[in-house]
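Visitor: I need the structure of the sequence given here:
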Amino acid sequence: MASTPLRLLVLGDSIAFGTGAARAEDTLGRRITATLTRDGFDVDLHVLAVPGAVSADLAAQVRRAEPLDADLAVVVIGANDLARFVPPEQAARALATAVGALRSRGTDVVVVPAPDMSSVPFIPPAFRALVRAACVQLQQRQAEVVEAAGGSVAGVAAEVASAFAADPAMFSGDRFHPSSAGYARIAAALTPAVLDAARARRDDAAA
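Guide: Residues are numbered from 1 along each chain as shown. Below you'll find the predicted structure:
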């Protein structure tokens, strides 16, 4: 076991928070924690995500995180920027500022980029290509600014989008947020990147 707890933050929007999951254990934060625990980490989890948050709202979450002196932060953001037509550059700048602030305090950061909203069931088929293009544009800008700020990007968008497009059960009853099965699929795609970051930090501490 790790000698001291790994202080883990989950920041972002309703997906980071777990809206739509049937049980608390099914949310991203709890699933990531379970995986890290199986890998030998003692995890101190803090979910600061706020449903409905856009990238500009990350600043307040980062301020709330300051006293926690976290080791690792997982940031899930972008769906609401897309839904509210926030310009990609504006959203990316806010994300870059948040990642930079976390990194300046020594927190490692893994960002889950905006989802492919074209798989949402109530998007008319005629608009799906346009929606997908907007999502890709934001995802690309997110990746660029996160890497420039010293964070890492979990490249899960395409894999998760395929799963959600193929199986309506990935969505909860509101047909927008993930179901427990959807969160399981997102977590399965995401946890390798989180494990890599946590293990690298552990190795550096042991060196």
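
Visitor: State the separation between stretch 149-166 and the centre of the chain it belongs to.
Guide: Between the centre of stretch 149-166 and the centre of its chain there are 9 Å (Cα atoms, centre = their mean, to the nearest Å).

Visitor: In it, which residues are buried?
Guide: Ala149, Gly151, Ser152, Val153, Ala154, Val156, Ala157, Val160, Ala161, Ala163, Phe164 (16 or more other Cβ atoms under 10 Å). (Each C-beta comes from the backbone N, C-alpha and C, glycine too.)

Visitor: C-alpha coordinates for it, PDB please?
Guide: Backbone C-alpha positions of stretch 149-166 (Å, rounded to 0.1, in the frame of the first residue of the first chain) are rendered in PDB as follows:
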ATOM      1  CA  ALA A 149      -0.100  23.600 -19.700                       C
ATOM      2  CA  GLY A 150       1.600  20.400 -18.500                       C
ATOM      3  CA  GLY A 151      -1.400  18.100 -18.200                       C
ATOM      4  CA  SER A 152      -2.300  14.900 -20.000                       C
ATOM      5  CA  VAL A 153      -5.300  14.100 -22.100                       C
ATOM      6  CA  ALA A 154      -7.100  10.800 -21.900                       C
ATOM      7  CA  GLY A 155      -7.800  10.000 -25.500                       C
ATOM      8  CA  VAL A 156     -11.100   8.200 -24.900                       C
ATOM      9  CA  ALA A 157     -13.600  10.300 -27.000                       C
ATOM     10  CA  ALA A 158     -13.800   8.100 -30.100                       C
ATOM     11  CA  GLU A 159     -13.900   4.800 -28.100                       C
ATOM     12  CA  VAL A 160     -16.600   6.100 -25.800                       C
ATOM     13  CA  ALA A 161     -18.600   7.700 -28.700                       C
ATOM     14  CA  SER A 162     -18.700   4.400 -30.500                       C
ATOM     15  CA  ALA A 163     -20.000   2.500 -27.500                       C
ATOM     16  CA  PHE A 164     -22.700   5.100 -26.800                       C
ATOM     17  CA  ALA A 165     -23.800   5.200 -30.400                       C
ATOM     18  CA  ALA A 166     -24.100   1.400 -30.500                       C
END
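
Visitor: what does that stretch rub up against?
Guide: For stretch 149-166, the external contacting residues (Cβ atoms under 8 Å, 6 or more residues apart in numbering) are 75, 96, 99-100, 102-103, 108-116, 118-119, 135, 139, 142-143, 146-147, 170-171, 178, 182, 185-186, 189-190, 193-194, 197.

Visitor: again with stretch 82-93
Guide: 54-56, 77-78, 80-81, 114, 117, 131, 134-135, 137-138, 141-142, 144-145.

Visitor: hmm, 7 Å instead?
Guide: 54-55, 78, 81, 114, 117, 134-135, 137-138, 141-142, 145 (Cβ atoms under 7 Å, 6 or more residues apart in numbering).

Visitor: where along the chain do the strands fall?
Guide: 6-12, 43-47, 72-76, 108-112, 152-153 (DSSP state E).

Visitor: Nothing else from me, thank you.
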